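> Please find the sequence and the predicted model below.
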Amino acid sequence: MGSIFTSRGCSFDCNFCAIWEFYDHKTRFLSAKAIADRMESMEQDMIFLLDDNFLSRTDRLWALADELESRGIKKHWMSQGRSDFAAKNPELMHRLASVGMAGLLSGYESNAQDALEHLRKRGNVEANVEASRILKEPGIISTGIFMVRPEFEVADFHELYEYIKGLGIEIPMVTVQTPLPGTELWKARKDHLLTQDFRLFDLVHPVVPTRLPRDQFYAEFVKWKAVIDHSVRRWFTPRQMMKRPDLYRKLLPNLPKMIRRRIQYHPVHFNPESYLRDEAGIIPRDAQLAPGQPSVLDLTQEVAAK
Ligand code: SF4
């Protein structure tokens with residue numbers, strides 16, 4: 001698979017993301033013609049557009065679709081973009097699928113509106129539901145990223161996972177909310193971290209105290225295996241494949257490799273002991289929020305004040 005950037009930066013300001021700060025809140029774009037030039041000159045047939053937020057500027061995307069069509073470029077490509085954009089622009093998503101858009105990776109983050117506000121995502125739960133429906137229609141494979149938070153109790157994990165199953169996203173990914181360096185979360189909370197060992201800032205280890213005991217937190221976290229199993233089963237179905245036969249003809253030869261990877265990877269990735277082993281000697285096993293103590297990542301007050 002080849003890869004190119006067609007834009008740099010993002011006009012949103014989610015508090016867990018450093019992209020907008022890194023690019024000083026400015027976004028630069030390649031024109032539709034320049035993107036088509038690059039895609040045409042690449043030898044690869046599958047291309048990842050590495051943009052942090054490809055789905056912005058509808059005029060550029062409509063022009064890109066025209067450019068790819070008029071030049072007869074028949075490659076498949078995928079990118080990252082916001083679910084609320086997809087929800088607001090169904091016709092455009094169909095048009096992009098018709099000129100090769102195969103997949104979209106979006107941060108859906110949460111099943112709760114207050115959590116989206118807490119993250120300053122500026123999206124909403126209804127738009128997430130609508131986006132997953134709209135992307136499915138033309139057969140765009142949706143990868144949705146969700147976040148569990150350190151203050152999660154057992155019921156919160158359960159509700160999030162049931163919500164994801166209901167969305168019907170093809171490839172859900174679940175991460176742990178992490179204050180990454182360069183983000184507002186980091187700046188506000190760096191003095192409260194359990195560690196600054198960056199090996200654990202990998203989005204699957206809570207680096208602040210959790211509400212549940214850590215072994216129980218991980219035991220709940222790894223239950224997202226059931227979610228991904230549920231989603232993948234609905235992905236490679238004859239109905240989905242009929243929507244994009246040309247795309248699935250390219251994907252199916254890779255299926256044995258994907259299955260082999262799952263077999264090798266899942267026993268580690270979905271084993272709570274793996275996570276506890278990673279953090280042994282770095283984070284104390286008993287690092288836990290006291291009853292009633294708010295999570296140190298809770299920026300609700302600051303967010304509300306903006
Ligand atoms: S998470 Fe996505 S939408 Fe939010 S600031 Fe980062 S790139 Fe932009």
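Here it is on my side, so go on.

> Next, give phi and psi for the residue of the stretch 151-300 of the chain at minimum distance from the ligand.
Proximity to the ligand, evaluated over the stretch 151-300 of the chain using C-beta to the nearest ligand atom, is greatest for Thr183 at 9.2 Å. Quick note: C-beta positions are derived from backbone N, CA and C, even for glycine. The phi/psi pair for Thr183 (degrees, to the nearest 10) reads phi -100, psi 170.

> Could you report the neighbour count for the residue lying closest to it once chain neighbours are set aside?
Spatial nearest neighbour of Thr183, excluding adjacent residues (C-beta to C-beta, 6 or more residues apart in numbering): Ala18 at 4.9 Å. With neighbours defined by other C-beta atoms under 10 Å, the count for Ala18 comes to 15.

> And His118, by the same measure?
Neighbours around His118, by other C-beta under 10 Å: 22.

> same thing with the one 3 residues further on?
A total of 25 residues lie near Lys121 under the criterion other C-beta under 10 Å.

> and it, backbone torsions?
According to degrees, to the nearest 10, Lys121 has phi -70, psi -30.

> ok, back up a step: now the residue nearest to Thr183. Its backbone dihedrals?
phi -100, psi -10.

> Equivalent analysis for Ser3, please.
phi -150, psi 140.

> dump the residue contacts of it.
Ile47, Phe48, Leu49, Leu50 (C-beta atoms under 8 Å, 6 or more residues apart in numbering).

> Report pLDDT for the third one.
What it means is Leu49. On pLDDT, Leu49 comes in at 97.

> who does it bridge with?
Ile4, Ser79 (DSSP bridges).

> Could you take the contacts of Ser3 and lay them out as a markdown table, with extra columns for distance to Leu116 and neighbour count?
Listed next are those as a markdown table, based on distance: C-beta to C-beta, whole Å; neighbours: other C-beta atoms under 10 Å:
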| residue | distance to Leu116 | neighbour count |
| --- | --- | --- |
| Ile47 | 30 | 21 |
| Phe48 | 26 | 18 |
| Leu49 | 25 | 22 |
| Leu50 | 25 | 14 |
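
> Now Arg244: closest residue in space that isn't a chain neighbour?
Gly139 (4.1 Å).

> which SS class is that neighbour?
coil (DSSP: H, G, I helix; E, B strand; the rest coil).

> Could I get the phi/psi values of it?
The phi/psi pair for Gly139 (degrees, to the nearest 10) is phi 80, psi 30.

> correct me, but it touches Gln240?
Yes: using C-beta atoms under 8 Å, Gly139 is in contact with Gln240, at 6.3 Å.

> the more surrounded of these two?
Gly139 (21 against 16).

> ok, now which ones touch that one?
Ala97, Gln240, Lys243, Arg244, Leu247 are the contacts of Gly139 under C-beta under 8 Å, 6+ apart.

> Return the distance of Arg211 relative to Leu49.
38 Å (C-beta to C-beta, to the nearest Å).

> swap in Ile140?
Counting by C-beta to C-beta, the gap from Ile140 to Leu49 is 13 Å.

> got it, and Met1?
11 Å.

> Tell me where the stretch 101-250 of the chain has helices.
Residue ranges of the helices in the stretch 101-250 of the chain, as given by DSSP state H, counting those that start in this stretch, are 113-118, 125-136, 154-167, 184-189, 214-221, 224-235, 238-243, 245-251.
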